[in-house]
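[1] How does the following fold in three dimensions:
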Amino acid sequence: MFQGPSEISLDSKGRLAIPTRYRDSLRAQSDGHLVLTAHPHRCLLLYPKPAWEPIRNAIMKTSGLDRQTTLLQGLLVGHADDVEMDTAGRVLVSPALRRFAHIERDVMMFGQGSHFKLWNPPAWEEQFSEIERLGADLVPPGMESLSF
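    Numbers count the residues shown, from 1 in each chain. As a prediction, this is how the structure comes out:
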């Protein structure tokens with residue numbers, strides 16, 4: 001279970017150093033084989049490969065005749081990049097994915113349970129401002145009974 005924020009800087013080659021607290025778990029789950037892809041919110045998703053595969057399969061089972069579905073398939077699956085952690089725990093973020101998410105050097109990485117979201121800091125600040133603006137209205141119907 002991945003959770004919590006990390007502030008990271010890409011190195012000069014565009015590599016992201018996975019925080020050490022996650023490396024052993026990622027190696028155990030996927031032998032360091034990960035998938036990095038685009039998200040509609042202009043951030044990136046980083047999955048252990050076994051966690052990504054059912055999502056990819058579900059997306060690809062949907063009809064390619066629906067325009068919205070085709071666009072989502074193109075975004076999530078078409079941008080998916082198989083990456084492997086090197087011995088130093090780094091993964092290469094391709095130039096195309098960096099451009100998509102407007103990531104230059106600094107990255108905000110957030111654990112999301114089975115995966116991570118990667119944001120450029122200004123985009124994350126926008127997202128966080130929206131969270132603050134919504135306040136109590138952020139909790140969707142049906143989740144009001146959760147205690148947090």
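[2] Residue 142 and residue 131, how far apart?
    Note on residue 142: its distance to residue 131, by C-beta to C-beta, to the nearest Å, is 19 Å. Heads up, the C-betas are built off the backbone N, CA and C, glycines and all.
[3] swap in residue 83?
    From residue 83 to residue 131 the distance is 29 Å (C-beta to C-beta).
[4] For those two, indicate the residue with more neighbours.
    residue 83 (21 against 9; other C-beta atoms under 10 Å).
[5] Let me know how buried the residue lying closest to that one once chain neighbours are set aside is, in neighbour terms.
    Residue nearest to residue 83 in three dimensions, not counting chain neighbours: residue 91, with 4.3 Å by C-beta to C-beta, 6 or more residues apart in numbering. Using other C-beta under 10 Å, residue 91 has 19 other residues around it.
[6] SS state for residue 91?
    Recorded secondary structure, residue 91: strand (DSSP: H, G, I helix; E, B strand; the rest coil).
[7] my guess is it contacts residue 97, does it?
    No - with contact defined as C-beta atoms under 8 Å, residue 91 does not reach residue 97; the gap is 10.8 Å.
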